[in-house]
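>>> coordinates for the following, if possible.
(one chain, ligands or ions: 2)
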Amino acid sequence: MASMDIDKLVAEMTAWRHDLHAHPEFGFEEKRTAAFVASKLREFGLDDVAEGIGGTGVVGTLRRGTGNRAIALRADMDALRITEQGTVAYCSTRPGTMHACGHDGHTAMLLGAAKLLAEEGGFDGTVRFVFQPAEEWGKGALAMLADGLLEHFPFDEIYGLHNMPGLPVGKFETRPGAIMSAEDNFEITLKGVGGHAARPHWGNETLVAACATVVNLQTIVSRRLSPADIAVVSVTELITDGTRNALPGLARILGDARSFRPEVSARIEQQMRTIAKGTADAYGCEVEVTYTREFVPLLNDPALVDHAFAAAAVVFGTENVVVAAEPMTGSEDFARFLEHVPGCFVFIGNGQESAPLHNPHYDFNDDALIFGARFHAEIARQRLAAPDAGQ
Ligand SMILES: [Zn+2]
Ligand SMILES: [Zn+2]
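Ligands and ions are numbered 1, 2, ... in the order given. Modelled structure (predicted):
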């Protein structure tokens, strides 16, 4: 097969990225983005392009040779409810919505990989290009899975990437096992009897009980988890129905917990329920605890991390590849795919000058496009190597 003109591909990916950046769409509303992706995949001559998977998800399928293995490559498409403050020419045209996490770049890179693999081939089997909606909500991967992703578009392994501000362009990081944390949300509602601020003994107010609960929750990480387990329990809001001279009959405590192992998440929930009940009892209040799991921990398959290293070494150069990165207490919807299929998630540099993710001045670095596209293509080729490859 003919070798592609890489400069031309970079120019195309840059143009796609700027177009997507100017037209950001919030989770499950990625209609224009999904139509853009599907039309490009059809233009590249993929064997099949399916739209509307899990809402606005798109899955492209490319087959070569006779191999019966399939590798999935995944990108996310959604933007955030943030007003862009940058001044680039391709700035968001939609006030209040912006690509502040670089999903425009992720989408452009996976499109670039699809074009590269469709034109050059170099593999034996099936590549699935998975463009998921609503990553930021932690709901898009589940929606695609519930819509039959694995039944209709089966694959043996899945790979995904995220850009990393602060890491120089051309650098690559990953790690075996837990690389990103679970995110759990909780709400503890205390009910008592509100009343006059001057006569607390006539009612049974909830604010002091709520404060005691917040303090007692601090013992989950410090006294109930192993020091070897990384975890965070953060109370972020305390809301009551009290006013200046009236004690509250209702108090709500909201927060967020991070951990890297399902057993730790379960332990946090169990301890939280015990503490909330025990504290409420001591203060004579009623209590209700809602504990939800928004993101599961992202667990890289160790064998596939080795494969990602081999592919990254070709694209980035061995000296630019780190496979012992520190785990991060951020969360990623990609983890949901790994509950069903082994995979590996990696980070690629977005530059040391890059604004942080979710910052109104953030912008994806176009110099990173070719690294991501080539990494996607290389891992697919290596994992679907033709029987005579290397001879
Ligand atoms: Zn994000
Ligand atoms: Zn992101």
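
>>> can you pull out the residues in contact with the host helix or strand of residue 277?
Using DSSP states H and E, residue 277 sits in helix 262-282. Residues external to helix 262-282 that are found in contact with it (CB atoms under 8 Å, 6 or more residues apart in numbering): 182, 184, 186, 188, 190, 209, 212-213, 216-217, 219-220, 224-225, 229, 231, 233, 257, 259, 286-287, 289, 291, 293, 296-297. Glycine gets a C-beta too; all of them are placed from N, C-alpha and C.

>>> low-confidence bits of the stretch 251-391 of the chain, can you list those?
Along the stretch 251-391 of the chain, the model assigns pLDDT under 70 to residues 388-391.

>>> ok, which stretches of it are strands?
Assigned by DSSP state E, counting those that start in this stretch, the strands in the stretch 251-391 of the chain fall at 286-295, 298-300, 321-322, 343-349.

>>> hmm, back to that, the helix holding residue 277 to strand 286-295, inter-axis angle?
160 degrees (axes from the mean of the first three to the mean of the last three CA atoms, to 10 degrees).

>>> counting neighbours, what do you get for the closest residue to residue 65 other than its chain neighbours?
The shortest distance from residue 65 to any non-neighbouring residue, by CB to CB, 6 or more residues apart in numbering, is to residue 124 (3.4 Å). Residue 124 has 19 neighbours, counted by other CB atoms under 10 Å.

>>> can you pull up the most central residue in the protein?
Residue closest to the mean C-alpha point of the chain, counted by CA atoms, centre = their mean, is residue 332 at 2.4 Å.

>>> picking that back up, make a ChimeraX selection of the buried ones in the contacts of helix 262-282.
Of the contacts of helix 262-282, the buried ones go into a single ChimeraX selection, burial set by 16 or more other CB atoms under 10 Å:
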select :182,184,186,188,190,209,212,213,216,217,220,224,225,231,233,257,259,287,289,291,296,297
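
>>> tell me how many other residues surround residue 115.
24.

>>> what do you get for residue 258?
Residue 258: 23 neighbours (other CB under 10 Å).

>>> is it true that it touches residue 181?
Yes - assessed by CB atoms under 8 Å, residue 258 is found in contact with residue 181 at 4.2 Å.

>>> which neighbours do the two share?
Contacts common to residue 258 and residue 181, judged by CB under 8 Å, 6+ apart, are 232, 329, 331.

>>> out of these, which end up buried?
Listed as buried from the shared contacts of residue 258 and residue 181 are residue 331; burial here means 16+ other CB under 10 Å.

>>> so residue 283 sits right up against residue 211, yeah?
No - in this structure, residue 283 is not within contact of residue 211 by CB under 8 Å, at 10.1 Å.

>>> who's more crowded, those two?
Here residue 283 and residue 211 are set side by side on neighbour count (other CB under 10 Å), and the busier one is residue 283, at 17 against 14.

>>> chain neighbours aside, what residue packs nearest to that one?
Take residue 283 and drop its neighbours on the chain: the residue closest to it by CB to CB, 6+ apart is residue 209, 3.6 Å away.

>>> what about the one you found, is that helix, strand or coil?
Following DSSP: H, G, I helix; E, B strand; the rest coil, we place residue 209 in the helix state.

>>> please list all residues in contact with it.
Shown in contact with residue 209 (CB under 8 Å, 6+ apart): 190, 192, 251, 279-280, 282-283, 285.

>>> among the residues you listed, which two are most distant?
Farthest apart among the contacts of residue 209 by CB to CB are 251 and 282. That separation is 14.6 Å.

>>> okay, those two: which has more neighbours?
residue 251 (26 against 12).

>>> quick check: bridge partners of the more buried one?
Listed by DSSP bridges, the beta-bridge partners for residue 251 are residue 190, residue 240.

>>> next: residue 344.
residue 159.

>>> what about it, distance to residue 379?
Distance of residue 344 to residue 379, given as CB to CB, to the nearest Å: 8 Å.

>>> common neighbours of these two, please.
159, 307-308.

>>> nearest spatial neighbour of residue 25, chain-adjacent residues omitted?
residue 33 (5.4 Å).
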